[in-house]
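Peer 1: Got a predicted model here, sequence first, then my questions.
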Amino acid sequence: MIRTPDQRVRVFVSSTLRELADERRAVRAAIERLRLAPVMFELGARPHPPRSLYRSYLAQSDVFLGIYGDSYGWVAAGEELSGLEDEYRLAPPEMPKLIYIRASEQREPRLEALIERIQQDDTAAYLPFGSAAELQEQVISDLATLLAERFDESRPTPSHASGGADEIPPTPDLRLPVPYTSTIGRERELGEVRELLAAGSDRVISLIGPGGIGKSRLAVEIARATEDLFPDGRYFLPLEGVFEPGLLLPTIAYVLGIRDNGEAVLEERVARALEGRRVLLVLDNFEQIIDAAPLLVRLFSLAPSATFLVTSRVVLRIRGERVYDVQALGVPDAARGRAGAARAERSAACRLFVDRARAVNPGFALTDENAAAIADICRRLEGLPLAIELVAAKARMLTPQGIAERLEQSLPMLTAAARDLPDRHQTMRATIDWSVSLLGDEDRGLLEDLGVFARQFTLEAVEALGAGRAWEGRAMEGVAALVDASLVKQAQLGGRSVLSLLAVVREHSLGRLKERGEAGRMRAAHADHYSALVARVAPGLRGPGQAESVVQLGLELPNLRAAVRHLVHIDRLDDAGDFAWRLLVYWWIAGFFGEVRVWMLELLDKEQPITPHTRAVAWFFALWSEMWQRPTEQVVAGLGECVRLFTESGDEDAAAMSVAARATARLQLPLPELDAAERELGEAVERLRALENRWAEAITEVSRGRLAWLRGKQDEAQSHFDRATEVAEASGDLFTLSVAGNHQARLQLVRGEVDAAESGCIRTLLVSTRLHFEEGVAYGLEGLCAVAAARGDAERAGTLAAAADTIRQRIGVFDAEVFTVHTPQLDGIRAADPRAVAAGELRGAELTVPEAIALALPAPELERIAASLVGW
């Protein structure tokens, strides 16, 4: 079976391709906005015949969507019908059909006949449209109505509600990627590295070799084969888009699920999260940030049960490193004469070539007639896996003999032009050059332009960069050609189709752009596209659209990073500052303050002219972590300067938030300035309320409540927490509702208001679950632990406490002692019934996050968020 691109509700789109290209893009955008899967010919696997492809896709689809204009479509040789009519006829009678007809006065007769038939079909909805934009809105409306109707028909009772539209799906799983293809010829290496890992004497194992030799693939396979050695997790960290050594730690934190909110030293939090856990961290493409290698020594010293598997082109040269040289695949020995099929089959390189050639040409086979040519190809490519894969992709058009002849003519000259590189680097670069040289001029230009993208990107983003390029208007066809050539890969991420380049191909593309003097222009185009995306999406972060905005930005994160870097690199510093500031709420929710600080310090180091507003933004992000970790009078003064600069720039909103930050900094001083902080927090709230910045108003009310709590004014603190909860709830701000609600419930526990606290803890646990906000989940579990203890349920209290502690340990987040309210209750019941508490703690330590949430919530509430727990 040819699998469809996604396993969600699948909408099969039928239309002619070129004639209705704009309409197809509009319909695809509509389907993806509803988080459904568009099933479209151009998104599919290339090696299959078109008829087989659309028939297989249609058989797996749930909804048929037809778009008809003027053309009946191409009729293949030996066929009576076009693919357009064949698709409609093959759609099962029970499949919902939405048919959209564009107004026309020159429609082909056969299409007219098809439309007349559709009009008489009582299983199809027949709808006219004018423009692509009108079509997009109509499709969104019709699909939403259709899905609602089908849902009403299918649900057995009204009680099976899910988390709702305010749910944020979990961060895309970066633990272990699934390889695109099978791994061939690495059995010995897998066994040897596994033995090293099992021995446990080496803290860092570095897989060293040139680009294209298969280090990343080998590392993934090793990680997949060592689940028994690392029961607490195996994590994959792609570093190909990380160029600043200072971003290594934030990247590790992100993959481990640790939010960097600036409130604690990130290195300590990562070490705490790794402490006592037998985990494997795969750090891929480390050569780009080799200066960060000493950080690994500090981490494995602080977390001795964690192990690091590194892939790099160069040795790290740090204490505790074991170097493992990754060799090329074995090739047939030329000295032993002409290779036959049996002898070639014994060569891993030849087996790889045959496997990849068969993927693009199902009829391909290794024979005595082509074995010598295949062996010659593999020898010429020195057994480099990526080089072999690139060349094997040409087996769709060329015989092995034809490929070998072309390589013999081209590869020596290309290799000779790169004598400054090590031998295998020369071969890899030459192979990419050769593969690229077989492309048309427009497709070659497109590949080079793709070098500005980060690890993953979408077709829509590619199209946005096409203005003025030779490939403008044919991005879809060009990408398809690059997929055919194995230079671009396709995958699914978050329910959408994404594209990617291998690191060495991206490096090659960006190098060519630089040689042509085009790198700056394309970096600017990339930054402009993602700046426009941020301007469009960021406003939703402060209100009811928060969940959807966080998801969308999370899927684009690698390119958001790249866009900031591009802006700084090409000295568009004011644009970089604006980009960073628009995403302030996202950095806060997702926990990326450390990364932004690195970029803003780089911006300030440029010593280029910048506006006062940009200077204020850069200083604000630079001072944020200093405020929490190393508070001084200079930090307070620096935030005061931010207030002044924002005010002079006319940004009253940013100025008010800076006032709140300065007040918070006063509270962190060795001798806290409580009165000044209280006055400034009050001023900030009034200004933010007047400016209708509900998000910042609610966060600042939480700070006012914490200050009042510290001063022993519980009634006043409760009033602030109540107000923060009210504002967050009214504005649809789920994140702040979780933070404010947890503070509200914890203070109720201190005051003995157990029933009210229980309701608050349940509510904020529900919100935190929908956000997949593990810190908030830990707070909720701890609150319900205190409730259980107050009611005499010792085992339940122990279970919830241990489950919360396990989460905190893993994400490296612990609360200030004064705000940790469940421990007195837990200690009290432990003294009364130590065996029950101990039994509960043993159970709680083994619970997963969904299991702990399921235990904590009443059955009706659990049913509401059951969908949120799937796949956590």
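Peer 2: Thanks, I have the structure now.

Peer 1: What count of nearby residues applies to Gly760?
Peer 2: By other CB atoms under 10 Å, the residues close to Gly760 number 25. The way it works is simple: take the backbone N, C-alpha and C, and place the C-beta from them, glycine included.

Peer 1: pretty sure it contacts Leu747?
Peer 2: No - in this structure, Gly760 is not within contact of Leu747 by CB atoms under 8 Å, at 9.4 Å.

Peer 1: what element comes up after the helix or strand harbouring Arg704 heading to the C-terminus?
Peer 2: Using DSSP states H and E, Arg704 sits within helix 694-710. Following helix 694-710 in sequence order, the next helix or strand is helix 714-731 (DSSP H and E).

Peer 1: so who does the residue nearest to Trp695 when sequence neighbours are not counted touch?
Peer 2: Leaving out its chain neighbours, the residue that sits closest to Trp695 by CB to CB, 6 or more residues apart in numbering is Arg542, at 4.3 Å. Going by CB atoms under 8 Å, 6 or more residues apart in numbering, Arg542 touches Val585, Asn693, Arg694, Trp695, Ser731, Asp733.

Peer 1: tell me the mean pLDDT for the longest helix along the chain?
Peer 2: Scanning the chain for the helix with the most residues, using DSSP state H, yields helix 132-154. Across helix 132-154, pLDDT averages out at 80.

Peer 1: List the buried residues of stretch 455-468.
Peer 2: Using 16 or more other CB atoms under 10 Å as the test for burial, stretch 455-468 gives Arg455, Gln456, Phe457, Thr458, Leu459, Ala461, Val462, Glu463, Ala464, Leu465, Gly466.

Peer 1: So for the residues you listed, which is the shakiest by pLDDT?
Peer 2: Taken together, the buried residues of stretch 455-468 show their lowest pLDDT at Arg455, with 82.

Peer 1: ok, back up a step: which of the contacts of Arg542 lies at the shortest distance from Ile403?
Peer 2: Ile403 lies nearest to Val585 out of the contacts of Arg542, by CB to CB, at 53.3 Å.

Peer 1: thought that closest one was touching Ala538?
Peer 2: Yes - contact criterion CB under 8 Å: Val585 and Ala538 qualify, at 7.5 Å.

Peer 1: Send me stretch 620-628 as PDB with only the CA atoms.
Peer 2: Only the C-alpha atoms of stretch 620-628 are listed here, as PDB (Å, rounded to 0.1, in the frame of the first residue of the first chain):
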ATOM      1  CA  PHE A 620      15.700  43.900  28.600                       C
ATOM      2  CA  PHE A 621      16.500  40.300  27.300                       C
ATOM      3  CA  ALA A 622      20.100  40.600  28.400                       C
ATOM      4  CA  LEU A 623      19.100  41.700  32.000                       C
ATOM      5  CA  TRP A 624      16.200  39.300  32.500                       C
ATOM      6  CA  SER A 625      18.300  36.300  33.600                       C
ATOM      7  CA  GLU A 626      20.700  38.600  35.500                       C
ATOM      8  CA  MET A 627      17.700  39.900  37.500                       C
ATOM      9  CA  TRP A 628      16.900  36.400  38.800                       C
END
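
Peer 1: List the contacts of it.
Peer 2: Residues contacting stretch 620-628 (CB under 8 Å, 6+ apart): 262-264, 580, 593-594, 596-597, 600-601, 604, 632, 635, 638-639, 642, 654, 658, 661, 664-665, 668.

Peer 1: ok, 6 Å please
Peer 2: Here stretch 620-628 makes contact (CB atoms under 6 Å, 6 or more residues apart in numbering) with Gly262, Glu263, Phe593, Val596, Arg597, Met600, Leu601, Val635, Gly638, Leu639, Cys642, Ala665.

Peer 1: Could you chop the protein up by domain?
Peer 2: Split into domains by automatic domain parsing, the chain comes to 10-154, 187-325, 334-437, 733-872.

Peer 1: just those domains: most buried one?
Peer 2: Of all the domains of the chain, domain 733-872 has the most neighbours on average by mean count of other CB atoms under 10 Å, namely a mean of 21.

Peer 1: average model confidence for it?
Peer 2: In this model, domain 733-872 carries a mean pLDDT of 90.

Peer 1: again with stretch 681-690
Peer 2: Averaged across stretch 681-690, the pLDDT comes to 97.

Peer 1: Could you export that stretch as PDB, CA atoms only?
Peer 2: C-alpha atoms of stretch 681-690 as PDB (Å, rounded to 0.1, in the frame of the first residue of the first chain):
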ATOM      1  CA  LEU A 681       4.200  46.900  40.600                       C
ATOM      2  CA  GLY A 682       1.100  48.900  41.400                       C
ATOM      3  CA  GLU A 683       2.100  51.500  38.900                       C
ATOM      4  CA  ALA A 684       2.800  48.900  36.300                       C
ATOM      5  CA  VAL A 685      -0.600  47.200  36.700                       C
ATOM      6  CA  GLU A 686      -2.500  50.500  36.400                       C
ATOM      7  CA  ARG A 687      -0.600  51.300  33.200                       C
ATOM      8  CA  LEU A 688      -1.000  47.900  31.700                       C
ATOM      9  CA  ARG A 689      -4.800  47.900  32.500                       C
ATOM     10  CA  ALA A 690      -5.200  51.200  30.800                       C
END
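
Peer 1: what's the offset of that stretch from the middle of its chain?
Peer 2: Chain-centre distance of stretch 681-690: 36 Å, with CA atoms, centre = their mean, to the nearest Å.

Peer 1: which residues touch that stretch?
Peer 2: Stretch 681-690 is contacted from outside by Ala656, Val659, Ala660, Ala663, Ala696, Glu697, Thr700, Ser703, Arg704, using CB under 6 Å, 6+ apart.

Peer 1: Any chance of those in JSON lines with pLDDT, neighbour count and distance to Arg18 as columns?
Peer 2: Converted to JSON lines, the contacts of stretch 681-690 look like this (pLDDT from 0 to 100; neighbours: other CB atoms under 10 Å; distance: CB to CB, whole Å):
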{"residue": "Ala656", "pLDDT": "97", "neighbour count": "26", "distance to Arg18": "53"}
{"residue": "Val659", "pLDDT": "97", "neighbour count": "25", "distance to Arg18": "57"}
{"residue": "Ala660", "pLDDT": "97", "neighbour count": "26", "distance to Arg18": "55"}
{"residue": "Ala663", "pLDDT": "96", "neighbour count": "25", "distance to Arg18": "61"}
{"residue": "Ala696", "pLDDT": "95", "neighbour count": "24", "distance to Arg18": "49"}
{"residue": "Glu697", "pLDDT": "96", "neighbour count": "27", "distance to Arg18": "52"}
{"residue": "Thr700", "pLDDT": "97", "neighbour count": "31", "distance to Arg18": "55"}
{"residue": "Ser703", "pLDDT": "95", "neighbour count": "22", "distance to Arg18": "58"}
{"residue": "Arg704", "pLDDT": "96", "neighbour count": "24", "distance to Arg18": "61"}
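
Peer 1: List just the nearest of the residues you listed to Leu555.
Peer 2: Distance to Leu555, by CB to CB, is smallest for Ala696 among the contacts of stretch 681-690, at 25.6 Å.

Peer 1: Go ahead and confirm that closest one touches Met657.
Peer 2: Yes - judged on CB atoms under 6 Å, Ala696 makes contact with Met657 at a distance of 5.1 Å.

Peer 1: picking up where we left off before, quick one: buried residues of the helix holding Arg704?
Peer 2: So, applying 16+ other CB under 10 Å, buried residues of helix 694-710: 694-709.

Peer 1: what is the orientation angle of that helix with helix 714-731?
Peer 2: Angle, helix 694-710 to helix 714-731, by axes from the mean of the first three to the mean of the last three CA atoms, to 10 degrees: 170 degrees.

Peer 1: CA atoms only: put helix 694-710 into CSV for me.
Peer 2: Presented in CSV, the C-alpha positions along helix 694-710 are these (Å, rounded to 0.1, in the frame of the first residue of the first chain):
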residue,chain,number,x,y,z
ARG,A,694,-4.3,41.7,29.8
TRP,A,695,-1.5,39.2,29.7
ALA,A,696,1.1,41.4,31.3
GLU,A,697,-1.5,42.8,33.8
ALA,A,698,-2.3,39.3,35.0
ILE,A,699,1.4,38.3,35.3
THR,A,700,2.1,41.5,37.3
GLU,A,701,-0.9,40.8,39.6
VAL,A,702,0.7,37.4,40.4
SER,A,703,3.9,39.3,41.3
ARG,A,704,2.0,41.6,43.6
GLY,A,705,0.3,38.6,45.2
ARG,A,706,3.7,36.9,45.9
LEU,A,707,5.0,40.1,47.4
ALA,A,708,2.0,40.5,49.7
TRP,A,709,2.3,36.8,50.7
LEU,A,710,6.0,37.3,51.6
